[in-house]
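Undergrad: Model the structure of this input:
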Amino acid sequence: MSVTSESENAYLVDVRNVCKRFGDRVILDGVSLAVAKGETVALIGPSGGGKSTLLRCINGLVSFQEGEIHVGEHRLMPNAPSADTAEKRAARAIVGMIFQDFQLFPHLSAIANVIEAPVHVRGLSVEEARVIGKKLLERVGLGHRLEAHPQQLSGGEKQRVAIARALAMEPKALLCDEITSALDPELRGEVLDTLEDLKKEGLTLLMVTHEIGFARRAADRVALLAGGKIIEIGTPENVLGAPTHPRTKQFLERVH
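TA: The predicted structure follows:
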């Protein structure tokens, strides 16, 4: 397994000059992005700009052709096999991923969805996992919905179950891929409030989001990704309040 020392890399996630192509189409074009422990970084930008692909590369779900990605002390290298490797599994233990479409098991209750991976991946007993799962569902405001199945839950509740499920693996960071885009405004607020609570608890967050207000309020840094490149990065005050790049200004004019 490829590892780097703590002194060599002080970042929890460190993307270095990553290039990703699908055939002749360039999705990521030399992207570099470092995220410190406890930091919240919001990735904004137009659809098709490479944001979701970047998260999937960090989580080892998608391979890339050039560059390297450090997740904690583990290093993901270009052209890795599509099958899971020790590096990918180690990276996923550090960075959990939450998807736009929840990806809950429809035949399992909320608590069963949360404990599935701790039991089968971490090797916990069902009893141990249920204690942890109950606490996590209470943490996201769903202690009263333990036995509800996904079809009985609202979109916001499903997404909070998905957050609890990711937390059950005890990650150091969460990668959030537009997790509020399918929700109506009230339900979006439920999920964003949960993320703000996690931020206050010190969890590292890397979020693809169109929630500019949330990015302004909760992010430590905002990065605009367009055309496979990070066009502008900085504090919310700078990037959202006083952008310097014309592409950033154009994007913000269209989303406001």
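
Undergrad: Tell me who's in contact with the one residue sitting closest to the centre of the chain.
TA: Ranked by distance to the mean C-alpha position of the chain (Cα atoms, centre = their mean), the top residue is residue 175 at 1.0 Å. By Cβ atoms under 8 Å, 6 or more residues apart in numbering, the contact set of residue 175 is 55, 58-59, 95-98, 206-207. Bear in mind the C-beta positions are built from the backbone N, C-alpha and C, glycine included.

Undergrad: Try it again at 6 Å.
TA: Residue 175 is in contact with 55, 59, 95, 97, 206, counting by Cβ atoms under 6 Å, 6 or more residues apart in numbering.

Undergrad: which of these lies closest to residue 160?
TA: Checking these against residue 160 by Cβ to Cβ gives residue 97 as the nearest, at 15.5 Å.

Undergrad: Strand partners (parallel or antiparallel) of the helix or strand that contains the closest one?
TA: For residue 97, the host element (DSSP states H and E) is strand 95-98. As defined by DSSP bridges, the strand partners of strand 95-98 come to strand 173-177 (parallel).

Undergrad: next helix or strand past the partner strand?
TA: Next along from strand 173-177, by DSSP H and E: helix 185-200.

Undergrad: Determine the set of other helices and strands touching that next one.
TA: In terms of contacts (3 or more Cβ pairs under 6 Å, 6 or more residues apart in numbering; DSSP states H and E), helix 185-200 is packed against helix 155-167, helix 212-218.

Undergrad: which of the residues in that helix are buried?
TA: Within helix 185-200, the residues that count as buried by 16 or more other Cβ atoms under 10 Å are 187-188, 190-192, 194-195, 198-199.

Undergrad: Among these, which pair sits farthest apart?
TA: Taking Cβ to Cβ, no two of the buried residues of helix 185-200 sit farther apart than 187 and 199, at 19.2 Å.

Undergrad: how about the helices and strands packed on helix 185-200, which one is nearest residue 30?
TA: Closest to residue 30 of the helices and strands packed on helix 185-200 is helix 212-218 (Cβ to Cβ; 23.6 Å).

Undergrad: Could you list the buried residues of the closest one?
TA: Quick answer for helix 212-218 (16+ other Cβ under 10 Å): 212, 214-216, 218.

Undergrad: try stretch 70-88
TA: Neighbour-count burial for stretch 70-88, counted by 16+ other Cβ under 10 Å, picks out 70-72, 74-76, 85, 87-88.

Undergrad: What helix or strand is residue 205 located in?
TA: Assigned by DSSP H and E, residue 205 falls in strand 204-208.

Undergrad: hmm, who's touching that strand?
TA: Residues outside strand 204-208 that contact it (Cβ under 6 Å, 6+ apart): 12, 35, 37-43, 51-52, 173-178, 199.

Undergrad: Tally up the residues packed near residue 242, please.
TA: 11 (other Cβ atoms under 10 Å).

Undergrad: three-state assignment of it?
TA: What DSSP: H, G, I helix; E, B strand; the rest coil gives for residue 242 is coil.

Undergrad: Let the chain start at 856 from now.
TA: Okay, using 856 as the starting number, the last item reads as residue 1097.

Undergrad: Now do the contacts for it.
TA: Contacts of residue 1097 (Cβ under 6 Å, 6+ apart): none.

Undergrad: how close does it get to residue 934?
TA: 40 Å (Cβ to Cβ, to the nearest Å).

Undergrad: Please, where are all the strands along the stretch 856-1005 of the chain?
TA: Along the stretch 856-1005 of the chain, the stretches classed as strands by DSSP state E, counting those that start in this stretch are 868-877, 880-890, 895-899, 921-926, 929-931, 950-953.

Undergrad: Just name the most buried of the ones you listed.
TA: strand 895-899 (a mean of 25; mean count of other Cβ atoms under 10 Å).

Undergrad: Name the residues that touch it?
TA: For strand 895-899, the external contacting residues (Cβ under 6 Å, 6+ apart) are 890, 906, 1054, 1060-1064, 1070, 1073-1080.
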